[in-house]
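Structural data only, the sequence is not supplied:
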């Protein structure tokens, strides 16, 4: 086991110079200054502490810095997800036998492929939105946190870096073959909360129980697939382990948990909508001389609506059977709280008709939500309160009945006093 001391750590932000045609954010969102702004996300703050000698990052054998990094970022290994489709930056190293592992908490995502020379980090910056880094795994190399503003954004931009997009986290679902390569374009989607389960998780391993609900998890094809209609999607479902397909000993556990997959999908949808609304508003403000009055109330409502829908899980595809995770993530996640006096929490899971028991996102507690522009932040809070405190059902949020609205209101009032203005 080796530790990096302060003198051995070099924190770098690699920010390539781009012409406007090469880096559309400079043209479309100059007010954000994405490439040149210093990020204040949790990973960047951690590495500043490492550089100052306040904490130490340990290299632990074959997995390198992975376990130490997860510990320092408070990421539990029960969040592990395994992706075997060749859709990552290091796709040549990814296969069904050597999937890419992902670990996450509310703010940070870590990517790990055994026997490769870097760890990948994505994080939610309160101002910039999604930011992307890597660090070396070789103990002989100087430690550096390298910020990526080019290669990652070829995919992690809502317009694939062709213009008009904003940075995003993403989960894709594709039909892939036994090498992890795309076998058919019949199903190739960027998953959303509204994506039905029978079109989710192509190219992902999935452990856990989901009853008679079909998913595309764990599916591989020796030849090219002819049509998804010819595939028995339940054949590889309801798996308690992955031993049929790979040796999981290089990873931190043997799971790619179905509940973690569901929670992650919700989380990135909220974060992506917050990023888009924030970027659009800040750019509009800059174009109008920073005069908030120049951005109409109607425009604020228009920008905020997708965020509000994501926070209230309005477009969530319903579950058709009970879901049960097996990695321990369900228990870990629900125990994070915060709780009201009846030990209720916005993290409480339903996993029968829907994912969450109380459909208002736990991400309202995050720095990224708090850092949204004041006009957007105020509109979101006021509208949430109007919906939750109303005597009558709101047609836009008909899934929130009176009992659920009252419970959510009670939970937020106790766990975040003063949240509602």
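Okay, I see it. Note that the coordinates shown come from a computational prediction; the quantities given were computed from them, not determined experimentally.

tell me the contacts of residue 294?
Counting by CB atoms under 8 Å, 6 or more residues apart in numbering, residue 294 touches 284-285, 288. Using the backbone N, CA and C atoms, a C-beta is placed for each residue, glycine as well.

Inside helices: which ones of those?
Counting by DSSP state H, those place 284-285 in helices.

In ChimeraX, how would I select just the buried ones from the contacts of residue 294?
The following ChimeraX line selects those of these that are buried, judged by 16 or more other CB atoms under 10 Å:
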select :284,285
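
which one of the contacts of residue 294 sits closest to residue 100?
residue 284 (37.4 Å; CB to CB).

That closest one against residue 296, yeah?
No - at 9.7 Å, residue 284 does not count as touching residue 296 under the criterion of CB atoms under 8 Å.

quick one: contacts of stretch 327-342?
So stretch 327-342 is contacted by 76, 78-80, 207-208, 253, 255, 257, 259-260, 263, 324, 345, 347-349, 351, 365, 410-411, 414-416 (CB under 8 Å, 6+ apart).

Flag the shaky bits of the stretch 101-250 of the chain, pLDDT-wise.
150-163, 222-226 (pLDDT under 70).

those strands in it, which residues are they?
108-112, 118-125, 129-136, 146-148, 172-176, 182-190 (DSSP state E, counting those that start in this stretch).

Which positions within whichever strand or helix holds residue 261 qualify as buried?
Element membership of residue 261 [criterion: DSSP states H and E] is helix 258-287. Within helix 258-287, the residues that qualify as buried are 258-282, 284-285, counting by 16+ other CB under 10 Å.

before we move on, what about stretch 291-307?
Across stretch 291-307, burial judged by 16+ other CB under 10 Å covers 295, 300, 303-307.

Give the full set of residues in contact with residue 169.
109, 122, 124, 130, 156, 268, 271-272 are the contacts of residue 169 under CB under 8 Å, 6+ apart.

possible to save the residues you listed as TSV with distance to residue 68?
TSV is the format used below for these (distance: CB to CB, whole Å):
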residue	distance to residue 68
109	17
122	18
124	21
130	24
156	25
268	25
271	25
272	29
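
Between those residues, which sits nearest residue 405?
Looking across the contacts of residue 169 and measuring by CB to CB, the closest to residue 405 is residue 271, at 24.3 Å.

And the pLDDT for that closest one?
As predicted, residue 271 sits at a pLDDT of 98.

Number of residues surrounding the nearest residue to it once chain neighbours are set aside?
Once flanking residues are discounted, residue 271 sits nearest to residue 124: 5.3 Å by CB to CB, 6 or more residues apart in numbering. When neighbours are counted by other CB atoms under 10 Å, residue 124 registers 29.

Over to residue 238?
18.

Okay, and the beta partners of the nearest residue to it once chain neighbours are set aside?
Once flanking residues are discounted, residue 238 sits nearest to residue 209: 5.2 Å by CB to CB, 6+ apart. Under DSSP bridges, the beta-bridge partners of residue 209 are residue 324.

circling back to that earlier point, can you select the buried ones from the contacts of stretch 327-342 in ChimeraX?
Provided next is the ChimeraX selection string for whichever of these are buried by 16+ other CB under 10 Å:
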select :76,78,79,80,207,208,253,255,257,259,260,263,324,345,347,348,349,351,365,410,411,415
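
relative to helix 258-287, how tilted is the helix or strand hosting residue 299?
Per DSSP H and E, residue 299 falls inside helix 297-311. Helix 297-311 and helix 258-287 are oriented at 170 degrees to each other (axes from the mean of the first three to the mean of the last three CA atoms, to 10 degrees).

What helices and strands are in contact with helix 297-311?
Packed against helix 297-311 by the contact rule (3 or more CB pairs under 8 Å, 6 or more residues apart in numbering; DSSP states H and E) you find helix 258-287, helix 374-389.

now the shortest one: how far from the chain's centre is it?
On the basis of CA atoms, centre = their mean, to the nearest Å, helix 374-389 is displaced by 24 Å from the centre of the chain it belongs to.

same deal with stretch 210-230?
24 Å.

first to last residue in that stretch, what's the distance?
Start-to-end span of stretch 210-230 (CA to CA, to the nearest Å) is 21 Å.

Could you do stretch 280-294 as well?
Chord length of stretch 280-294, first to last residue, is 14 Å (CA to CA).

got it, and stretch 235-252?
End-to-end distance for stretch 235-252, by CA to CA: 26 Å.

show me where the stretch 1-150 of the chain has helices.
In the stretch 1-150 of the chain, the helices defined using DSSP state H, counting those that start in this stretch lie at 24-28, 42-51, 66-72.

The stretch 301-421 of the chain too?
Assigned by DSSP H, counting those that start in this stretch, the stretch 301-421 of the chain shows helices spanning 329-334, 367-370, 374-389, 402-415.

What is the second one packed up against?
For helix 367-370, the packing partners by 3+ CB pairs under 8 Å, 6+ apart come out as helix 258-287.

gap between the helix it packs on and the chain center?
Centroid separation for helix 258-287 versus its chain: 10 Å, with CA atoms, centre = their mean.

In space, what's closest to the residue nearest the centre of the chain - neighbours in sequence excluded?
Centroid-nearest residue in the chain: residue 268, 3.6 Å away (criterion: CA atoms, centre = their mean). In space, and not counting its chain neighbours, residue 268 is closest to residue 169: 3.9 Å by CB to CB, 6+ apart.
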